[in-house]
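J.: the sequence isn't on hand, but the structure is:
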């Protein structure tokens, strides 16, 4: 259990390090070109996801995402005690990853984002993004498809460009990104709506999955 919790903590921390660090680096080198900054951000995130899922999958399942953990618990893949430990590791790991980036780039460690992300379009985008991610993981896991790390990484990379919300689809990442006033930030006042959209998506995927099985 200790190894699994460590994998979830450090895996989520490294994922947010890639997300936040590439956002800062991309924005600083893009010369004001948001498209170039987003390209750097999406490629770095996708690459990090592929490596992390491939390496940590055999240890903890490399869930790195509270809605993925809750889906696994609801499907009785993991027990409640393990799910709680995973959730705690993911949220604390995500925040630690963001703080590590701030230290690495010489920024103020403790920040609050001022970047607004508040509209019905963004909430709907997060709902669809989370549905897609969960359905992909459920399908790939049920088939024990060895290519699942690549599927997830490529889907998230494409999702950065195909969704208006840039494919957060992860409550731990959403909360952590509320604590960085950088390219990838989200204003804390807008975090709750993103979390709600993600949780509604989880509920829908679980309901549809159970009805299909019955």
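T.: Sure thing, it's come through. Computed from a predicted structure; not experimentally measured.
J.: count of residues packed around the residue nearest to residue 38 when sequence neighbours are not counted?
T.: Nearest residue to residue 38, sequence neighbours excluded (CB to CB, 6 or more residues apart in numbering): residue 160, at 6.3 Å. For the C-beta atoms, the positions are set from N, CA and C on the backbone; glycine is no exception. By the measure other CB atoms under 10 Å, the count of residues near residue 160 is 18.
J.: could I get the phi/psi values of the most centrally placed residue in the chain?
T.: The centre of the chain sits closest to residue 170, judged by CA atoms, centre = their mean, with a distance of 3.7 Å. Here is the backbone geometry of residue 170 (degrees, to the nearest 10): phi -160, psi 110.
J.: nearest residue to it in space, please, no chain neighbours.
T.: Residue 170 sits nearest to residue 65 (CB to CB, 6+ apart), 4.5 Å away.
J.: which residues touch that neighbour?
T.: By CB atoms under 8 Å, 6 or more residues apart in numbering, the contact set of residue 65 is 12, 90, 133, 169-173.
J.: the closest residue to residue 20 other than its chain neighbours: what's it in contact with?
T.: What sits nearest to residue 20 in space, not counting adjacent residues and going by CB to CB, 6+ apart, is residue 101, at 4.3 Å. Contacts for residue 101 (CB under 8 Å, 6+ apart) come out as 16-17, 20-21, 24, 107, 180.
J.: the residue nearest to residue 38 reaches residue 45, doesn't it?
T.: Yes. Contact status for residue 160 versus residue 45: in contact at 7.1 Å, counting by CB atoms under 8 Å.
J.: give me the neighbour count for residue 3.
T.: Count around residue 3 with other CB under 10 Å applied: 10.
J.: just to revisit the earlier point, and the residue nearest to residue 20, what element?
T.: Take DSSP states H and E as the rule and residue 101 turns out to sit in helix 80-104.
J.: so for the helix or strand following that helix, mean pLDDT?
T.: Downstream of helix 80-104, the first helix or strand assigned by DSSP H and E is helix 120-142. For helix 120-142, mean pLDDT is 96.
J.: okay, buried residues for helix 120-142 please.
T.: By 16 or more other CB atoms under 10 Å, the buried positions in helix 120-142 come out as 122-123, 125-134, 136-138, 140-141.
J.: gap between the helix holding residue 101 and the chain center?
T.: Helix 80-104 sits 11 Å away from the centroid of its parent chain (CA atoms, centre = their mean, to the nearest Å).
J.: would you mark the buried spots in it?
T.: Neighbour-count burial for helix 80-104 flags 82-83, 85-87, 89-102 (criterion: 16+ other CB under 10 Å).
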